[in-house]
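A.B. asks: just need the structure, nothing else, for what follows:
(one chain, ligands or ions: 1)
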Amino acid sequence: MSKKALITGVAGQDGGHLAKLLHEKGYEVYGTLRGQLEASHPRYQAIKEEMPYVNIVLADMTDISALTRAMIEIQPDEVYNLAAISHVGYSFRDPLLTADLTGKGVLNVLEAIRLAGLEKTARFYQASTSEMFGGLDYNRPGDGYTEDSPFHPRSPYGVAKLYGYWITKNYRESYGMYAVSGILFNHEGERRGPEFVTRKISKAVARIKLGKQELLELGNLDSKRDWGYAGDYVEGMWRILQQDNPNDYVLATGETHTIREFVELAFKEVGIELSWDGEGVNETATDVATGKVVLRINPEFFRPAEVDILLGNPSKAETELGWERKVDFPGLVKLMVEHDLADNS
Ligand code: G4F
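C.D. replies: This is a model prediction of the structure:
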């Protein structure tokens, strides 16, 4: 009998990578989509076309009855809770919805597992995040944040995720559930939504190269992120659920780079050399060959509170899970730009 996995948020970046991985490992894969997406809806159809092996379940993260029904009907061996409002900037605009989905939604899934009587059999993975660390002066990462570093979230998203992290730990301690968190640092790739900075850059660079766009507008270029490839990270998620004992793990690369470095590398990938001029909101980048400004700052993309630096230490995951990454930082930039060049040609 093959194992059954239920992925909440299967339509997201990680959901797609994970569904494919689990399917390849022989799992029967189920994935939730928000309610009201009828089978005839184009979005439903598109997901079915891309992932024909996923059994789609309509269940909203705020609807505990739908989640409980899904648990009873599917009887999953593993539940991966990926559904969330995941855009940090957006969470400042809609903090209440973020709290309901990204925070309390975790509790809804955990309770659904218990109500279905699966707390001793189903393993639960919570998509926790490096945004919980915050990167302030008093808790700079040093050699990298670990599973024991202090938290200080800097956005409604980070605060909601911290609730999800603690309620998962609490259910593990209270009910003996195999309920664990992967604390994932930024992970990107060709499935990333264009509202996130890496994909916004790779798409714009490809389109500028192809003459389909003139300008890229960004916010803070100086924040630093620990960026890996999402395909590598879903393997880590799976490994986290296969251990003898439930435990939380950081998944990261151990390297950090500025947004500016990502921009420079992405333009270099298409043969465009940049020269930087001006400061702060007046900073611009010019294509040296054409003399055209290709990047400028738009304060609209600044956040009310920023996480200046994220750097993770993946030692525990590497040692205990044998987790490793196949794609490095230049490889990630290359992969994304090449994908977007092909996509826009
Ligand atoms: O790509 P971002 O929006 O990702 P962020 O905020 O780091 O969050 C991502 O990673 C987290 C893990 O650490 C996840 F939990 C979360 O769900 C999400 O996947 O922004 C990265 C950085 C920020 O410092 C932001 O201020 O890029 C800066 N930035 C500069 N200009 C921009 C832009 N971000 C976006 N989205 N758009 C811009 O134009």
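A.B. asks: test my guess that residue 129 contacts residue 181.
C.D. replies: No - assessed by C-beta atoms under 8 Å, residue 129 is found out of contact with residue 181, at 9.1 Å. Where C-beta positions appear, they are placed from N, C-alpha and C, glycine not excepted.
A.B. asks: more neighbours: the two, which one.
C.D. replies: residue 181 (28 against 25; other C-beta atoms under 10 Å).
A.B. asks: assumed the more buried one was part of a strand.
C.D. replies: Yes - per DSSP: H, G, I helix; E, B strand; the rest coil, residue 181 lies within a strand segment.
A.B. asks: okay, now residue 236: neighbour count?
C.D. replies: By the measure other C-beta under 10 Å, the count of residues near residue 236 is 23.
A.B. asks: just the element for it, please.
C.D. replies: According to DSSP states H and E, residue 236 maps onto helix 230-240.
A.B. asks: buried residues in the helix or strand just after that helix?
C.D. replies: Per DSSP H and E, the first helix or strand lying C-terminal to helix 230-240 is strand 249-251. Under the neighbour-count criterion of 16 or more other C-beta atoms under 10 Å, strand 249-251 has 249-251 buried.
A.B. asks: export the residues you listed to TSV and append columns for pLDDT.
C.D. replies: Formatted as TSV, these follow (pLDDT from 0 to 100):
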residue	pLDDT
249	99
250	98
251	98
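A.B. asks: and of those, the nearest to residue 199?
C.D. replies: residue 251 (19.6 Å; C-beta to C-beta).
A.B. asks: what pLDDT is listed against the closest residue to that closest one other than its chain neighbours?
C.D. replies: For residue 251, ignoring the flanking residues on the chain, the nearest one in space by C-beta to C-beta, 6 or more residues apart in numbering is residue 236 at 4.4 Å. Looking at residue 236, its pLDDT is 98.
A.B. asks: so what's the residue count around the residue nearest to residue 10 when sequence neighbours are not counted?
C.D. replies: Closest residue to residue 10 apart from its sequence neighbours, by C-beta to C-beta, 6+ apart: residue 31 at 2.5 Å. The tally of other residues near residue 31 (other C-beta under 10 Å) stands at 28.
A.B. asks: phi and psi next, for residue 31.
C.D. replies: Here is the backbone geometry of residue 31 (degrees, to the nearest 10): phi -140, psi 140.
A.B. asks: now do the buried residues in the longest helix that the chain contains.
C.D. replies: Criterion DSSP state H: the longest helix present in the chain is helix 156-175. Neighbour counts over helix 156-175 (16+ other C-beta under 10 Å) mark 156-165, 167-169, 171-172 as buried.
A.B. asks: got any ranges where the stretch 1-150 of the chain has weak pLDDT?
C.D. replies: Of all residues in the stretch 1-150 of the chain, none has pLDDT under 70.
A.B. asks: quick one: the strands in it?
C.D. replies: For the stretch 1-150 of the chain, the strands defined by DSSP state E, counting those that start in this stretch cover 4-8, 28-33, 54-58, 78-81, 123-129.
A.B. asks: what does this structure put close to the ligand?
C.D. replies: Proximity of the chain to the ligand, by C-beta under 6 Å from any ligand atom, involves residues 86, 88-89, 129-131, 185-186, 195-198, 200, 218-220, 223, 225, 259, 301, 303, 306, 310.
A.B. asks: give me the buried subset of those residues.
C.D. replies: Looks like those have 86, 88-89, 129-131, 185-186, 196-198, 200, 218-220, 223, 225, 259, 306, 310 buried, using 16+ other C-beta under 10 Å.
A.B. asks: filter these down to the ones in strands?
C.D. replies: 129, 218, 225 (DSSP state E).
A.B. asks: please consider this matter closed, and thank you.
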